[in-house]
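# with the sequence up front, the predicted model follows.
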Amino acid sequence: MNMDGIRKLLEDNDITGSACDFLVLLWGMIQFFDDVFDGDPVKDFDRVLYASLLSLPLNEFYSQYRAALAPAIHMAIEKWHMANSRESAATGDARTFMWRAAYWDVAGTVCSITNNPNMRTVIALYAESYEEYLLEVNNA
């Protein structure tokens, strides 16, 4: 999903302003670093460079709530590493599928911080098909 698509999903669930900007930045960075790790063609290098070093640290929501957001991001990174480890051995399963959805845990943290009543809906926005995921990671 592109950044416009993720923004629309978030805004449709009442995540707006700098909270939305934060999650869109994070989404773009995650996609970029996943492409780098997988050896896929890298797109938007300059955008991610600026996002990582300027936009994210200066984002009002991130600045205000980084004490809660940093551990959620850290956990998402660790889940991503765990999934990559299992997937490299073609042993993807239900756990690795959910570890890949860790971005939505961060989005849920944003909902908690902002008292957004749509937390369950937001967390459930992970749209990848489990069957397609298994085919991709175990038959690659």
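Thanks, I have it.
# can you pull the pLDDT of the residue positioned nearest the centre of the chain?
Central residue of the chain (Cα atoms, centre = their mean): residue 103, 3.0 Å from the mean position. Note on residue 103: pLDDT of 96.
# all further residue positions should be reported with the first residue as 23.
With the count now opening at 23, the last piece we talked about shows up as residue 125.
# how far away is it from residue 161?
24 Å (Cβ to Cβ, to the nearest Å). Every residue, glycine included, has its C-beta placed from N, CA and C.
# do residue 55 as well
24 Å.
# which one's more surrounded, the two?
Higher neighbour count among residue 55 and residue 161: residue 55, with 15 against 8, using other Cβ atoms under 10 Å.
# can you list contacts of the helix or strand encompassing that one?
In the assignment (DSSP states H and E), residue 55 maps to helix 39-60. By Cβ atoms under 8 Å, 6 or more residues apart in numbering, the residues outside helix 39-60 that reach it are 23, 25, 28-29, 32-33, 37, 62-67, 69-70, 73-74, 77-78, 81-84, 91, 95, 98, 102, 106, 125, 128-129, 132, 135-136.
# hmm, which of these are the buried ones?
28-29, 32, 37, 70, 73, 77-78, 81, 83-84, 91, 95, 98, 102, 106, 125, 128-129, 132, 136 (16 or more other Cβ atoms under 10 Å).
# among those residues, which lie within strands?
In strands, judged by DSSP state E, none of the buried ones among the contacts of helix 39-60 are found.
# just the helices from this structure, written as ranges.
Along the chain, counting by DSSP state H, helices occupy 25-34, 39-60, 67-72, 78-80, 82-110, 116-121, 124-136, 141-145, 152-160.
# taking helix 82-110 as reference, get the angle to the least confident helix or strand in the chain by mean pLDDT.
Every helix and strand of the chain was ranked by mean pLDDT, DSSP states H and E. The lowest is helix 152-160, at a mean of 88. Interaxial angle of helix 152-160 relative to helix 82-110 (axes from the mean of the first three to the mean of the last three Cα atoms, to 10 degrees): 60 degrees.
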